[in-house]
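Engineer: Got a sequence here, can you model it:
(chains A and B, ligands or ions: 3)
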Amino acid sequence: MATLKELAAREDLLTGGHRACAGCAAPIIVRQVLLAAEHPVVVGSATGCLEVTTTLFPYTAWKVPFIHNAFENSAATISGVEAAYTSLKKQGKYDKEVRFIAFGGDGGTYDIGLQSLSGAMERGHQMLYICYDNHAYMNTGIQRSSATPLGAHTTTSPAGKVIPGKKQYRKDLTAIMVAHNIPYVAQTSVSHWRDLTAKVQKALDTPGPSFINIISPCRLGWGFRPEDTIELAREAVETCFWPLYEVENGVYKLTYKPREKKPVVEWLKKQTRFRHLFKPGNEELLAKVQEHVDAQWENLLKKSGAE
Amino acid sequence: MSTKELVARTGNEAMAEAMRQINPDVVAAYPITPATEIVQLFSSFVADGLVDTEFVTVESEHSAMSACVGASAAGARVMTGTSSQGLILMAEILYIAAGVRCPIILAEVNRALSSPINIHCDHSDTMSVRDSGWIQIFSENSQEAYDNMIQAVRIGEHMDVRLPVMVTTDGFIISHGLEAISMLEDKEVQDFIGPYKAAYSLLDVGKPITVGALDFTDFYFEHRRQTAQAMENGKKVILEVGREFGEKFGRSYGFFEGYKLEDAEIALVMLGSTAGTARVAVDKLREAGVKCGLLKLRVFRPFPAVELAEALKHLKAIAVMDRSDSLSTAGGPLFTEVRSALYDLPSRPAMVNYIYGLGGRDITVADLEGIYQELQRISGGGQIQKTLQYLGVRE
Ligand SMILES: Cc1ncc(C[n+]2csc(CCOP(=O)(O)OP(=O)(O)O)c2C)c(N)n1
Ligand code: SF4
Ligand SMILES: [Mg+2]
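Structural biologist: Residues are numbered from 1 along each chain as shown, chains lettered A, B, ... in the order given. Ligands and ions are numbered 1, 2, ... in the order given. The predicted structure follows:
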C-alpha cells in the first residue's frame, strides 16, 4: 500500500473550489478514494450534496471522467459504463485498464437506490460502490433516511413536544450488502486514512463487485463546527457506533478495535441533532442508543472472531 | 436495390433481427408483454455468439434506461426494448437520455397503461413520453418496424441530431402477427449504419469529461434550446435517411404516407397498424365514388406540422384517429397537434376526433366506413355534433 508521503505526492483528482460546505466530509472522502486508486477510474454519483456541489455548469471539480444520471440509479448507470467497457474491450476497440466507482449518499443508497444497487451487485459487474453515509437527505434540507440514527432530529423526524426525533433504528445496509455474497464489503471512515486507502485498493483489485460504506459527517445536518469533521468521524469509530471492518468472500474481519470503547454519548453530545436527547425525560432513549450500539458491536465481534 | 426472398416474421422477430444485424455494443433490457420476445430473442443471439453485445440483464426498466445512458456516455452503441408500464417506469431517465444527448435506440411495443391493467395495444405509453426529447417513429407492420429500426441508428447518431430514437409497433397486432418481410443482408445493414463514433466518451480517461452536470438559471434554458434544435435538425435527417434507404433498398420513407389523398375531399389521419384497415375502407368507398383518402403519420416526434398542413390543406373534412386519450376532455394528443398544425391555413378543413381501440379494442373496416360517412355529411355542410367521440364504446 502507498505510504502517506506517496499519497501526498499524487495529484488531487477532485479540485478545491467546489461548493460543498466548509468541513463537509464528502469531498474529503472522494479525494481520499481517488488518491488510493492505482488505475484510471470512471466515476458516477447519485443526485445529492456531492453531485450538486461538484458539477455546477460550466465548472466541474472532477479531474476524472464523471457521470451523474439521477438520484436512484448511480449503480445501474455505472453498471452500464462497465458493460460498455467490457464490450468494447472484448471487440478489441479499447485497450486500457480502467476501474469503475459509483458514489451515492445514504438516501441514494439505503433508500431510493437500493434496488439499483442490489441489481448491479447481483449481476457481478466489475465495480466499486461507495456510500458516503451522512445519515440523512442533506441536499434537500436534512430529511430523515433509513440511515438516520435513532433519536436524531431531522426536518422530517423533528424533535417535537411528544416525539423525540427519529423513532426507528438505522437500517444495516452493510449487512444487506454482505448478504449479496459479493466478494468484498467493508465499512470505513475518513478519520482512518490508512484503513480507507487499504480497503479502496483491495476493493478495486477484487474481481467482481464490491461495496464500501463510509461515514460522512455533515456539519449542517449533524450540527458541529467545520474544523471538527474528522474528530466526529473518529469518535463514531471509537464509540463503536461505526466499526471498521471488512467481509472478504464472506469472512468477517475487524480492521480496527478501539483500545477502550467510549460511551456513545461522548459522540452524541457534540452534535446538535441529538441535543434534545440530553433533556430530562429522554434518559431511556439515550440508554437504548447505547444498548443498540453494544448489541451490534458484540454481534460483529462474534462474526469476526475477535471476542 | 436488393431483391430479397420474403421471410415470415412477427413484429417482435423483425425488431430483434434488426437488432442482431445492427450488433450494438450494449443492450440493457427487461421483459414485459408484448415486448418480452424481443428481449428473449436477443438473449439467444448473445448466447449463440451471433452478436458482440454485452447484454445487461437489469432488475427493472428504470435500471435498463439508466444502464443505457451510462453505456452510451461511455461511447457504446446502445439499444433496448420495452412496453407500457416499462416505458413509463423509464420515463425519468428517458428525459435524461435525451438531455445528455445519448443516441440510444428503443424498440417500443405500444400497449395500454394501467389502470385497469391491460396487455393489449393502444398508444397511451408512447404518447405519455412524447415530450421527453425522443424521436418517435411509428410502424404500420413488421416490414416498417424492421426498416425503421435500421434507419433509427442513422437518424439518432447523426451529429446534427444525437438524440435517442424509439421505434414503435402496435402490441400483438404487429408484435405477434406473422407477416412476409424482406430482410437485408447483415453486411448491407452494417454498411448502411456504419461504425458508431461517439463525440465524447467517459472511457477517454486521458480527456476527462463531466456528464450530467447541474445547470442553474444561467444555462438550463440554453441547453434545453439546444435539444429543441437537435429535434428540428432531426427533420432534415429523417428525410435524408428515408430517401437513402429507398434508393439502396427500394423502400423509401418520409414523415407520413398518403393514400389516395391528393384528390380526396375527406380523410382520416392516424398512426400505426390501423392504416391497413383504413386502406380497405378507402378502396371500398372509392368504388362507390366517395372521394376519400388517408394520411398515415410515421414520425410523431419531431412533429412535421408544416408538412402536414401542406398535405391536408385541400381537404374539406378530417377525422383524426387517436389510439390514446389525453383525458383533457378536448381531444387526444394526435388531434390537438394536427389541429394546431392546420390553424394557420387560410381556409381550414372541418376536423373531428375519434378516440378508438383503447386496451386493444378491435377496429373494423365498417367502423372506419362509418367515420368516412360522417365526414361526407360534414363536408356537405352538415353540423359537427360532437368534436370528440369515443368510437364503439359502451356508455
Ligand atoms: C426521484 C427523485 N426524488 C427526489 C429527489 C430530490 N432529492 C435530491 S437529492 C435528495 C437527497 C439526497 O440525499 P442523500 O442521498 O443522502 O445525499 P446527501 O444530499 O445527503 O449527500 C433528494 C431527496 C430527486 N432528485 N429525485
Ligand atoms: S449540507 Fe452537509 S453533506 Fe451537504 S455539503 Fe453541507 S456539510 Fe456536506
Ligand atoms: Mg445523505
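Engineer: The residue in chain A that ligand 1 sits nearest to pairs with what?
Structural biologist: At 2.2 Å from ligand 1, A:Gly105 is the closest residue in chain A, using Cβ to the nearest ligand atom. Every residue, glycine included, has its C-beta placed from N, CA and C. Per DSSP bridges, the residues bridged to A:Gly105 are A:Tyr132.
Engineer: That one and A:Cys49 touch, don't they?
Structural biologist: Yes - if you go by Cβ atoms under 8 Å, A:Gly105 and A:Cys49 touch, sitting 6.6 Å apart.
Engineer: any residues in contact with both of those two?
Structural biologist: Common neighbours of A:Gly105 and A:Cys49, using Cβ atoms under 8 Å, 6 or more residues apart in numbering or on different chains, are A:26, A:134, A:138-139.
Engineer: Identify, from these, the entry nearest to A:Gly17.
Structural biologist: Closest approach to A:Gly17 among the shared contacts of A:Gly105 and A:Cys49 (Cβ to Cβ): A:Ala26, at 14.9 Å.
Engineer: after the strand or helix carrying the closest one, next one along is what?
Structural biologist: For A:Ala26, the host element (DSSP states H and E) is helix A:25-36. Next helix or strand after helix A:25-36 toward the C-terminus (DSSP H and E): strand A:41-45.
Engineer: ok, back up a step: list the buried residues of the helix holding A:Ala26.
Structural biologist: A:25-36 (16 or more other Cβ atoms under 10 Å in any protein chain shown).
Engineer: you'd agree B:Val56 is up against B:Asp25?
Structural biologist: No - the criterion here is Cβ under 8 Å, and B:Val56 misses it with B:Asp25 at 11.1 Å.
Engineer: Return the residues of the stretch 101-250 of chain A in contact with ligand 3.
Structural biologist: Contacts of the stretch 101-250 of chain A with ligand 3, taken as Cβ under 5 Å from the ion, map to A:105-106, A:134, A:138.
Engineer: out of these, which is most surrounded?
Structural biologist: A:Gly105 (33 neighbours; other Cβ atoms under 10 Å in any protein chain shown).
Engineer: which residues sit in contact with it?
Structural biologist: Contact analysis of A:Gly105 by Cβ under 8 Å, 6+ apart lists A:26, A:46, A:48-50, A:131-134, A:137-139, A:216.
Engineer: Any of those buried? List them.
Structural biologist: Here, 16+ other Cβ under 10 Å leaves A:26, A:46, A:48-50, A:131-134, A:137-139, A:216 buried among the contacts of A:Gly105.
Engineer: Which one of these is nearest to A:Phe274?
Structural biologist: Nearest to A:Phe274 among these, with distances taken as Cβ to Cβ, is A:Asn134, at 14.7 Å.
Engineer: Show me the helices in the chain, by range?
Structural biologist: The chain I'm using is chain A. Taking DSSP state H, the helices of chain A run over residues A:4-9, A:25-36, A:49-54, A:74-90, A:106, A:114-123, A:173-178, A:193-205, A:229-238, A:265-268, A:283-303.
Engineer: other chain: chain B
Structural biologist: B:11-22, B:36-47, B:61-73, B:84-99, B:124-128, B:142-157, B:186-193, B:220-249, B:274-287, B:305-312, B:333-341, B:365-379.
Engineer: Can you list the helices and strands that the longest one packs against?
Structural biologist: Spelled out, that is helix B:220-249. helix B:84-99, strand B:135-138, helix B:142-157, helix B:186-193 (3 or more Cβ pairs under 8 Å, 6 or more residues apart in numbering or on different chains; DSSP states H and E).
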